[in-house]
Structures are given as structure tokens and as C-alpha cells.
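Participant: my questions are about this predicted structure, shown below with the sequence.
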Amino acid sequence: MKKRNYIFYFIFISLVFLSCSKKIEELQNDPNNPTSVPPNLILGTVLIDMAGNGAAGGLGAVGANSINSWEDAHRWNQYHCSNYDYYDNNIYAWTNGNFDPYIVLKNLVQMEKESSTRTKVTIDPYEAVGRFVRAYYYYNVTSLYGDVPLTDALEAPQNATPTYTAQETVFKYVLDQLDTANNDFAALIAANDVSLSSTQDFYYRGNLTNWQKLVNSFKLRVLVSLSIKAGDATLNVPAQFAAILGNPGKYPIFAGPQDDMQFVYNPGGTNSYSLYPFNPSNFGSVAARFNMASTYVDALTGLKDPRVFVTCEPAWGLVANDPVPTQFKYFTGASTGESLATMYNNANAGLYSFINRNRYYSNFTGDPNVLVGYKEMCFNIAEGIARGWTTGNAEDWYKTGITASMAFYGIDVTKTSFTAYFLPPDKNSVTQVAPYPYNFDFNAYYAQPTVKLSTDVNTAVGQIVLQKYIVCFENSGYEGYYNARRTGVPAFQGGTGVGNNGVVPKRWAYPTSEQVQNKSNWSAALQAQGFAADDLNQTMWLLK
């Protein structure tokens, strides 16, 4: 009998202890610091980071906003300049980079983990999107630095010293991720999957067909970026390019600008990042601190291209009393390599074009920030065809890219009469812009030898890349720089203002944190690439 009582007491005490332990564990859980997050919420954070509006993922520069419109990347793309050193300068300060994109990629891993534990499906739309995000970031990180951590890079904190992977292997990984993502999206679309969050996916609202088009359109960008390595047997660039264009059923691509991956500014939103970077609220404080770069302005005026009337103001000091400012001779930019003191003085003397006040300061919405776009894709296809990677009509794609870009800026190529809007030099409010009529004949424009696509391959590629540079104005991240570095078109301007002894860099130096925390692998990466030092002038595999 006593034995039975002991057993009873033991069970009772055990149950009480377990109950108390459970209550203690529950009390220890912090409801404000959850251990699990729905994948759709992580998706929203990742996609905001990709647009350059989040806490990480800034692609190279210290600070998350370097790839936004009118931010650092677009000064380094030589689209515009800063003439006021208190806020910014035009130095390629590429020794202060970071690996913040890996923070985004680690969030991506968590998103996929959260989704897989909830759905238990064979093919997961969050994982398919994740493959694209991986490809997007690794393409950019390796293009900026060279060899980068890949295989074990996302294991931290378990592995705080990841090894570096050769750039060729990184590009193969990028292309493989895109292929798998294309196949995954095809299967999900066939199964009518609608589980991707439409609220957190502010690019495509959960539309998997658009995501699949994005994957293949982006792959065309990646393949064209490898033009110097077209003969690489591992990557087989021409064959992969031809496969996409030769099988549109398997590899759908953008059909028009409506398919663009773009961040649309939303002034009705509750977050500050929803406002266009330049707008009526900061016109008075920053408008005179930014002028246009001659690399961009000269590209337009050299072609007698009316897009300069939409994106730029005339240099009023050159216009003087001429009642017709819509003349190409009145549009000029500063050399990015010019000393800041000279640039500041010349800009204030009216010798340089400023950013068009009407288009970029009159509202809070502005132009969308395009990450991957249809217009750029047209030129990528034209370049691949011109290089002989596949059959097709390069001129048709080239011409389509030009007309689509002009349409974006409100220039209907079927018309000849247009109106430009500039802020007269004696006015100081964006509400005081004035109309200036001009005429433009697209057929005459296209008939120019500098514009009409040449039958010579090298000349044609140069024309295509120049038009693509114009299209990527204040969008598409570092594409303006990448393409100029790869082809020499347009010729970027060096000098005192760019730093680095007056030379435009070829790459970012690795983050200084790598020299401290991961020195052994960092040193091995430099040696493997044949770099004499971790500086900005070393030539990565991609460019050899």
C-alpha cells in the first residue's frame, strides 16, 4: 500500500513539475522577439532591400541606398554629378565597401526555411523567388569585387570565415539558379499555384508568370555581361543565349515595359522610402547641388537626341538671351573627373545643365526605379544577335528599345511637334516651369549614321551599348558602369574628381572587415586571382 502511495506521489509531483516548467518556458518567450516569422513578411523585407530602400543589400557602398535613383551608383555611372562637397562628391570611394548583400541572402535562407516548415510542398514559390534573388545578388557582388564567398557564405554564425569561390564558378552558379527558377516557375504556373504573397510582393503581386519572364530576361543580361568570355567552354554563353530566344514557350521573356521589375514610389505610403528621392519638399535645399555629367549629356547631344530635353535643363549661361533654348548646343554636363571647386563655380555660373526641374522635382512619385527592364532587354538581345550568338534581326530589337525609351519620356515617334518644360533662370519654384516647343522627326534621327545600326559588328555593338547606357539612366543599378567597363562605351571620364589617382576603377576593394575577420581566405582569394594588391585597379577574370 505504501509503495502505491509513493508511486502516486511521484506521478503527481512530476506532473506539477512539468506544468511549472512549461509555464516558466512560456514566460521566458518574448512576444516582441518572435522565434518564427511568416515567410511572406521576410519576402517583403528582402524585396525592399533589393530596391535599395532597406537596411541592407546596398551593393558595394557603405549605406543601403547606393543603387537608388540619384544615389551613389548613378554618379559612378556618370549620369549626374554632385558639386557640393558637404553632401557628396564624385570620388569612386571604392575602398569602403561591405558584404551587406549576404545579410539579405541569410534572410532569404530563413524565408525558405519558414516556408518549407509550413507548406511541405515539393516546389515552393518562395524558393523559386529565392533563386532569382540569389542570382541577382551574386551577379552583382561578383561583378563588383571579383571572386567572392559562395559555397559556405551563408553558414554564419557557424562559419564566420567562408572561403572564396572563383568568379567563373560564381557565374555558373548564377546561371544554374536562373535555369532552376525558370523550371520551378513553369511547374508552379502549371499547377495554378497562388500561394506567393500578393501583398508583400510589391513587384508582381504574386504573379508567377511575371516572375518567370523576369528570370529569363535577367539571364539575358547576365549572358551579355559575359561577352568577353563567350568562348568559355564551361559557361557556353552563345548556346545558352540562343536557347532562350529559340524556345519562347520554355523561356518566356518580357513582352513590354509593363513587365519591368520596378520599384514604384508611393507618396501615399507611410514609409519615407515611398517618396521619390527628389521632390518639391527638397527642391530648395538640393536642386542646385546636383548637375548633369557630360558622359551622359554628350551621349544624347552627340546623337541629337530629344531625350536630353526631358531629363536635363539647358545651361542658361550659354543660352543667354536666345529665346529658343531647345538647341542641343545649350546642353552640357560637367566631367565627373573635374575638381569639385571648378564644377561648383561653373554650375553656379550657368555653364552646366541641371537636372530637369519639371520631371524630377514637380511631384513625389517621379520615375519608377527599374531593377530589370524591357528596354534594356531589347538592347541585350540586339547585342547577342549582332555578336552572332543566335539568329534574328538585331536592328528590330535595337529600334524597339529606342522607341520604347522615347515613349517612356513622352516622345511619340509618330509625331513631330513636342513641348519641353524648363525652369527659367529668373525663377525659383518648380511651379514656375515654362513650356518650350521643339520639333523632332524620328525618321531623320534614325537615318543618322551615328544612330542607324551599322552592318559592321564592332560599330553595331558600340551603338547598341550606347543606347542601352541612355536607357539605364538613373535605373538598373550599376549596369551603366558594368557595360562601359566591359566595352569602353561610353568612354568614362577620369581626373581629379574621381579619386584613385584620376583613374576610374575596375573593381571594389574587398571590405576591410575581411582583412581582419577572414584574412587567410581573403589573402588566398587575392593570390588566386593574380592580384598584386587588393586595390581598385586589378583586372578580374570577367574582364580578361
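Facilitator: Sure, I can see it. Residues are numbered from 1 along each chain as shown.
Participant: Three-state assignment for the closest residue to residue 182 other than its chain neighbours, please.
Facilitator: Nearest non-adjacent residue to residue 182, counting by Cβ to Cβ, 6 or more residues apart in numbering: residue 215, 5.0 Å away. Using the backbone N, CA and C atoms, a C-beta is placed for each residue, glycine as well. When classified by DSSP: H, G, I helix; E, B strand; the rest coil, residue 215 comes out as helix.
Participant: tell me what the helix or strand hosting residue 177 is packed against?
Facilitator: Per DSSP states H and E, residue 177 falls inside helix 167-190. Packing partners of helix 167-190 (3 or more Cβ pairs under 8 Å, 6 or more residues apart in numbering; DSSP states H and E): helix 125-145, helix 208-225.
Participant: name the surrounding residues that touch it.
Facilitator: With contacts defined as Cβ atoms under 8 Å, 6 or more residues apart in numbering, helix 167-190 is touched by 123, 125, 127-129, 131-132, 134-135, 138-139, 142, 146-148, 150, 165, 208-209, 211-212, 215-216, 218-219, 222-223, 226, 229, 232, 234-235, 240, 250-251, 529, 540-542.
Participant: output stretch 283-303 in CSV with nothing but the alpha carbons.
Facilitator: Output of stretch 283-303 as CSV, limited to C-alpha atoms (Å, rounded to 0.1, in the frame of the first residue of the first chain):
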residue,chain,number,x,y,z
PHE,A,283,13.8,71.3,-54.2
GLY,A,284,15.0,74.4,-52.4
SER,A,285,17.8,72.6,-50.5
VAL,A,286,19.3,70.2,-53.0
ALA,A,287,18.4,71.2,-56.6
ALA,A,288,21.5,73.3,-57.2
ARG,A,289,23.8,70.8,-55.7
PHE,A,290,23.5,68.3,-58.5
ASN,A,291,24.3,68.9,-62.1
MET,A,292,24.4,66.6,-65.1
ALA,A,293,27.5,64.6,-66.1
SER,A,294,29.0,65.2,-69.6
THR,A,295,29.3,61.4,-70.2
TYR,A,296,25.5,61.2,-70.3
VAL,A,297,24.7,64.6,-71.8
ASP,A,298,27.2,64.2,-74.6
ALA,A,299,25.8,60.8,-75.4
LEU,A,300,22.5,62.5,-76.1
THR,A,301,23.6,65.7,-77.8
GLY,A,302,26.0,63.8,-80.0
LEU,A,303,23.1,61.9,-81.4
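Participant: buried subset of the contacts of helix 167-190?
Facilitator: By neighbour count, with 16 or more other Cβ atoms under 10 Å, the contacts of helix 167-190 hold 125, 127-129, 131-132, 134-135, 138-139, 142, 146-148, 150, 165, 208, 211-212, 215-216, 218-219, 222-223, 226, 229, 235, 240, 251, 529, 540-542 as buried.
Participant: which parts of this protein are strands?
Facilitator: 80-82, 148-149, 164-165, 261-263, 290-292, 369-372, 417-422, 434-439 (DSSP state E).
Participant: which one of the ones you listed lies closest to residue 521?
Facilitator: With Cβ to Cβ as the criterion, residue 521 lies closest to strand 164-165 of the strands of the chain, at 5.7 Å.
Participant: contacts for that closest one?
Facilitator: 147, 148, 149, 150, 151, 173, 521, 522, 524, 525, 528.
Participant: the nearest residue to the fifth one once chain neighbours are set aside pairs with what?
Facilitator: Put plainly, it is residue 151. The shortest distance from residue 151 to any non-neighbouring residue, by Cβ to Cβ, 6+ apart, is to residue 165 (6.0 Å). Residue 165 has the following beta-bridge partners by DSSP bridges: residue 148.
Participant: for residue 104, see how far away residue 46 is.
Facilitator: From residue 46 across to residue 104, the span is 6 Å (Cβ to Cβ, to the nearest Å).
Participant: sorry, wrong one. I was asking about residue 535.
Facilitator: 27 Å.
Participant: more crowded one of those two?
Facilitator: residue 104 (25 against 15; other Cβ atoms under 10 Å).
Participant: how close does the nearest residue to the more buried one once chain neighbours are set aside get to residue 486?
Facilitator: Sequence neighbours aside, residue 57 is the residue nearest to residue 104 in space, at 4.1 Å (criterion: Cβ to Cβ, 6+ apart). Here the criterion is Cβ to Cβ. By it, residue 57 lies 24 Å from residue 486.
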